[in-house]
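**Q** Compute the structure for the input listed below.
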Amino acid sequence: GAARRRLGVAHPSMQPDPRHAVLFAAGDPGGANAVLPVAVELAARGGAVSILDHGHLGRVAPSGLCRVDPPAAGDGMAGWLAAHRVAAVCFGTSLADAVPLAVARAARAAGLPVGCVLDNWMNYRARLEVGGGDVLVPDLYAVMDDRARDEALAEGLPGGCLAVTGHPGLASLAEDVEAA
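**A** Sure, this is the predicted structure:
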């Protein structure tokens with residue numbers, strides 16, 4: 001919407017933000033389309049936002065948002081999070097790209113809040129197990145509707161982390177259509 005258009009041009013967040021920021025990460029188009037409107041809205045409201053410059057999100061995020069290179073092989077994840085002043089992670093899921101989940105796992109291990117925005121009505125638990133290891137239960141697992149919440153519960157995810165929020169990408173699409 002309007003926030004996205006404002007961020008497509010010069011914006012104070014083009015320079016690295018000295019404040020601790022929410023890091024947004026998503027590799028696949030679906031996850032990127034789900035988290036990007038949240039990142040743009042947070043930045044438009046003056047929040048500190050960083051985009052993991054990886055995958056589809058790295059390619060489509062407005063140039064006005066601060067970018068963070070993904071950790072290199074061998075980087076200590078806790079040090080990488082601290083060096084980039086990450087205060088929390090919000091990620092989109094993928095069954096094929098383990099990088100966003102690995103960053104979220106590292107944030108959880110560092111004691112940082114972790115949120116996940118779901119983009120699809122399937123594989124609710126499997127998306128949180130990519131790359132092996134135990135399921136990562138985010139502090140907030142934003143799902144599209146009651147059906148998604150009920151199916152996530154049926155797959156064993158705890159109800160306390162699930163929140164029906166709608167789909168941010170579809171909501172921003174509706175705003176763009178209304179504005180046209």
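**Q** Tell me where the protein has helices.
**A** 2-7, 29-44, 55-60, 77-83, 99-109, 146-154, 168-179 (DSSP state H).
**Q** ranking those helices by burial, who's on top?
**A** helix 29-44 (a mean of 23; mean count of other CB atoms under 10 Å). The way it works is simple: take the backbone N, C-alpha and C, and place the C-beta from them, glycine included.
**Q** Distance to Cys66 and mean pLDDT added to the helices of the chain, as CSV?
**A** Shown next, in CSV, are the helices of the chain (distance: least, CB to CB, whole Å; pLDDT from 0 to 100):
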stretch, distance to Cys66, mean pLDDT
helix 2-7, 11, 39
helix 29-44, 9, 93
helix 55-60, 12, 94
helix 77-83, 14, 91
helix 99-109, 15, 94
helix 146-154, 31, 97
helix 168-179, 19, 66
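**Q** Which among the ones you listed is found nearest to Leu23?
**A** helix 99-109 (7.1 Å; CB to CB).
**Q** List the neighbours of the closest one that are in contact with it.
**A** Contacting residues not belonging to helix 99-109 are listed as 23, 25-27, 31, 52, 54-55, 70-71, 77-78, 80-81, 86, 88-89, 91-94, 113-114, 116, 127-128, 130-131, 133, 136, 138 [CB atoms under 8 Å, 6 or more residues apart in numbering].
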